[in-house]
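A.B. asks: whatever this is, show me its structure:
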Amino acid sequence: MVLDRYTVPRLIREQAFIDREKYLKWYEESVENPDKFWGKHGKRIDWFKPYTKVKNTSFTGK
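C.D. replies: Sure, this is the predicted structure:
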């Protein structure tokens, strides 16, 4: 499989919300403990009412 790589322009990179280090840290957190990760990041969104369940999915196929 071939993956194309594109250089991010300096100005965009400097103004980005997240850098590579933070992305890798957040990715690791999301994989290791998704409920905690999404519970924390879900609070950054304005909801009509606070959520009571972080995740309502199953990857088991059941």
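A.B. asks: going forward, measure contacts between C-alpha atoms and count neighbours the same way
C.D. replies: Fine.
A.B. asks: return the distance of Asn56 relative to Asp35.
C.D. replies: Distance, Asn56 to Asp35, using C-alpha to C-alpha, to the nearest Å: 10 Å.
A.B. asks: ok, those two, which is more surrounded?
C.D. replies: Asp35 (15 against 5; other C-alpha atoms under 10 Å).
A.B. asks: does the more buried one sit in a helix, a strand or a coil?
C.D. replies: Here Asp35 is helix, with the state taken from DSSP: H, G, I helix; E, B strand; the rest coil.
A.B. asks: please name the residues that touch it.
C.D. replies: Shown in contact with Asp35 (C-alpha atoms under 8 Å, 6 or more residues apart in numbering): 54-55.
A.B. asks: in the chain, which helix is the longest?
C.D. replies: Longest helix in the chain by number of residues, with DSSP state H as the criterion: helix 20-32.
A.B. asks: show me what counts as buried in that helix.
C.D. replies: Residues of helix 20-32 include none that count as buried (16 or more other C-alpha atoms under 10 Å).
A.B. asks: try stretch 31-45
C.D. replies: 37, 39.
A.B. asks: the bottom helix or strand of this structure by mean pLDDT?
C.D. replies: helix 34-41 (a mean of 88; mean pLDDT, DSSP states H and E).
A.B. asks: run the chain-centre distance for it.
C.D. replies: Put simply, helix 34-41 sits 9 Å off its chain's centre (C-alpha atoms, centre = their mean, to the nearest Å).
A.B. asks: what of stretch 19-35?
C.D. replies: 7 Å.
A.B. asks: again with stretch 32-51
C.D. replies: That offset, for stretch 32-51, works out to 11 Å (C-alpha atoms, centre = their mean).
A.B. asks: end to end on it, go ahead and measure it.
C.D. replies: 22 Å.
A.B. asks: and for stretch 14-22?
C.D. replies: Across its full length, stretch 14-22 reaches 14 Å between end residues, using C-alpha to C-alpha.
A.B. asks: got a list of contacts for it?
C.D. replies: Applying C-alpha under 8 Å, 6+ apart, the contact partners of stretch 14-22 are Arg13.
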